[in-house]
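Student: can't give you the sequence, but here's the structure:
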């Protein structure tokens, strides 16, 4: 809980105190519920209850995280509303999602990995759709409203429909500076 609160304080400039974030962040509430429900999902016979409770969490927070997904440490969802994370999605450490992000599938095949794998330290902008069993590398930024259906290598920036990939002009480019180099990250 402390790590999640610290991640929220680090990534949300509107966050004034840990108490403020703990009380008023539906994204954090959804993450905390997911963490408990993921444990229940892994227990023999726990799947039906985990799935039913995740539906309750979705109705309370506007965030749908399947309890079968695998999510790393210090994950933060800013604003939260409309986020969907599918059953076979894998999300690394220190990842940030904005509202309306979908980590979704592109196939109806059962028993296969259908959702993306997102590496560490990634940021996925509002309304972005990352679809299918694809790899999103470490330190990737995906622009708002982008549609990503192909792998994105580590350190890249992906924007547009369909997303086009570019690399920072300098290896040490600050993510904040990247917003000015790639205005579609704002949109």
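Tutor: Great, that's in hand. What you are looking at is a predicted structure, and each value in this text was computed from that prediction instead of being measured.
Student: residue 117 contacts residue 137, doesn't it?
Tutor: No - counting by Cβ atoms under 8 Å, residue 117 stays clear of residue 137, with 9.5 Å between them. All C-beta spots, glycine's among them, are computed from the backbone N, C-alpha and C.
Student: residue contacts, residue 81?
Tutor: Contact partners of residue 81, counting by Cβ atoms under 8 Å, 6 or more residues apart in numbering, are 26, 62-63, 99-100.
Student: just to be sure, which of the residues you listed are found in helices?
Tutor: Judged by DSSP state H, helices contain the following of the contacts of residue 81: residue 26.
Student: most neighbours of all the contacts of residue 81, which one?
Tutor: Using other Cβ atoms under 10 Å as the neighbour criterion, residue 63 leads the contacts of residue 81 with 27 neighbours.
Student: ignoring the adjacent residues along the chain, who's closest to it?
Tutor: residue 30 (3.6 Å; Cβ to Cβ, 6 or more residues apart in numbering).
Student: again with residue 93
Tutor: Residue 93's closest residue in space is residue 72 (Cβ to Cβ, 6+ apart), at 3.9 Å.
Student: that neighbour: how many residues sit nearby?
Tutor: Neighbourhood size, residue 72 [other Cβ under 10 Å]: 14.
Student: next one: residue 136
Tutor: 25.
Student: again, but for residue 13
Tutor: 8.
Student: can we start the residue count at 35 from this point?
Tutor: OK, 35 is where the count begins now, so the last one is residue 47.
Student: which SSE is it in?
Tutor: In the assignment (DSSP states H and E), residue 47 maps to no helix and no strand.
Student: what's the most distant pair in the contacts of residue 115?
Tutor: Maximum pairwise distance in those, criterion Cβ to Cβ, is 13.1 Å, between 60 and 134.
Student: could you pull out the helices for the protein?
Tutor: Using DSSP H, the helices of the chain run over residues 36-45, 52-58, 60-76, 81-95, 209-215.
Student: which positions within the fourth one qualify as buried?
Tutor: By neighbour count on 16 or more other Cβ atoms under 10 Å, the buried set for helix 81-95 is 84-85, 87-88, 91-92, 95.
Student: dump the residues you listed into JSON lines; add distance to residue 46 and pLDDT as well.
Tutor: JSON lines is the format used below for the buried residues of helix 81-95 (distance: Cβ to Cβ, whole Å; pLDDT from 0 to 100):
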{"residue": "84", "distance to residue 46": "28", "pLDDT": "97"}
{"residue": "85", "distance to residue 46": "29", "pLDDT": "97"}
{"residue": "87", "distance to residue 46": "26", "pLDDT": "97"}
{"residue": "88", "distance to residue 46": "24", "pLDDT": "97"}
{"residue": "91", "distance to residue 46": "20", "pLDDT": "97"}
{"residue": "92", "distance to residue 46": "22", "pLDDT": "97"}
{"residue": "95", "distance to residue 46": "16", "pLDDT": "96"}
